[in-house]
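1. need a 3D model of the following:
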Amino acid sequence: MTTADPGPALTVGNIALSFHRAAAALTRRVLEAHGHRTTGVEAPHEQLFRLQAEGRVDVLVSAWLPDSHDVYLAGYRERALVLGAHYHPYCVWAVPPYVPNEAVAEVADLARSEVAARMTRAIDGINPGAGISRFSARMVGEYGLDRVGYTFTPGTEASFTARVERGIAEREWFVIPLWRPQYLNRLHGLRPLAEPRGLLGAVDAASPVVHRAALSRVRTDALVRLDGLRLGNEAIEELDTWINADGLTPLAAADRYLAAHPDLLA
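-> The predicted structure is shown next:
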């Protein structure tokens, strides 16, 4: 491993959400520790995969496979190298911790008349290209929630976060399409609902994707380290909390984490 030689430049792309920024920042620091110069780009889900398909993103962090993002990777998979999973995300619908479990334990409970009467039935999400948004739009119909007044509306990360913060502050009964890792889980103790039909997909593998056209520029030791990097949901959630609650930049959060876990660079 070397840091003295400013090696080949690599473009690291991430989906425009805070926890993806956290994972991308760690990836950039690992590549830099192995001699690369890096630049970062970000875009919404579909656009980011399109940029990599066009060869404008060398390393994409991260593709959630097989459920959430395979639809975007499928078009150019033969030109992509999928590395080992850095963490294992999954989607949920969640309610605030003050909503009693005996009242709302699973998604189907939302349709019960006494629950629907109490619950805010406007369900807000993130951008429509996200797996959780596609899954949630389908769930409203599959569970018959639309028949009792529920709607699902995708939005931005900022509007999604503000909606959760406002609801918690007002002790509102609401349901939110969520995922792990995401800092709101840690900050507010949001409680996931059982979803026995499996409409939210299975646990995905969050893997970096390297465009094969860039492989000749990626140093072997950097590729091996990136392929073997195991972070876990807790690590990404911790970084995401530092970014959103403590105000750190993604790269500053990565530096703090790596200072406590120097073995990740070895």
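2. skipping adjacent residues, who's closest to residue 225 in space?
-> residue 30 (5.8 Å; Cβ to Cβ, 6 or more residues apart in numbering). Every residue, glycine included, has its C-beta placed from N, CA and C.
3. got a list of what that neighbour touches?
-> Taking Cβ atoms under 8 Å, 6 or more residues apart in numbering as the contact definition, residue 30 lies against 222, 225-226, 229, 264-265.
4. one more: residue 133?
-> Neighbouring residues of residue 133 by Cβ under 8 Å, 6+ apart: 125-127, 152, 154, 177.
5. of these, which is the most crowded?
-> residue 126 (26 neighbours; other Cβ atoms under 10 Å).
6. you'd agree that residue is up against residue 156?
-> Yes. In this structure, residue 126 sits in contact with residue 156. The criterion is Cβ atoms under 8 Å, and the distance is 7.1 Å.
7. re earlier: could you identify the most distant pair in the contacts of residue 30?
-> Using Cβ to Cβ, the contacts of residue 30 reach their maximum pairwise distance at 222 and 264, which is 13.0 Å.
8. and the two? which has more neighbours close in?
-> It is residue 222, of residue 222 and residue 264, that has more neighbours when counted by other Cβ under 10 Å, with 22 against 19.
9. can you redo the contacts of residue 30 as CSV with distance to residue 194?
-> Output for the contacts of residue 30, formatted as CSV (distance: Cβ to Cβ, whole Å):
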residue, distance to residue 194
222, 42
225, 38
226, 36
229, 32
264, 34
265, 40
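10. tell me which of those residues fall in helices.
-> Using DSSP state H, the members of the contacts of residue 30 that fall within helices are 222, 225-226.
11. okay if I get those residues as TSV plus pLDDT and distance to residue 187?
-> As requested, the ones in helices among the contacts of residue 30 are arranged in TSV below (pLDDT from 0 to 100; distance: Cβ to Cβ, whole Å):
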residue	pLDDT	distance to residue 187
222	96	34
225	96	31
226	96	29
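12. flag the shaky bits of this structure, pLDDT-wise.
-> In the predicted model of the chain, residues 1-6 satisfy pLDDT under 70.
13. got the domain ranges for it?
-> Taking automatic domain parsing as the domain assignment, the record places the domains of the chain at 9-88+204-265, 90-192.
14. got these as TSV, with distance to residue 198 columns?
-> Listed next are those as TSV, based on distance: least, Cβ to Cβ, whole Å:
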stretch	distance to residue 198
domain 9-88+204-265	10
domain 90-192	10
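15. where exactly do the helices run in the chain?
-> 18-33, 45-53, 70-73, 113-118, 131-142, 157-169, 183-188, 220-227, 233-244, 250-260.
16. how close does residue 191 sit to residue 35?
-> With the distance defined as Cβ to Cβ, to the nearest Å, residue 191 ends up 45 Å from residue 35.
17. same deal with residue 23?
-> Counting by Cβ to Cβ, the gap between residue 23 and residue 35 amounts to 21 Å.
18. higher neighbour count, those two?
-> Neighbours were tallied for residue 23 and for residue 35 using other Cβ under 10 Å; the higher tally belongs to residue 23 (28 against 17).
19. contacts only, for that one.
-> With contact set as Cβ under 8 Å, 6+ apart, residue 23 has these partners: 14, 61-62, 86-87, 206, 231, 236, 239.
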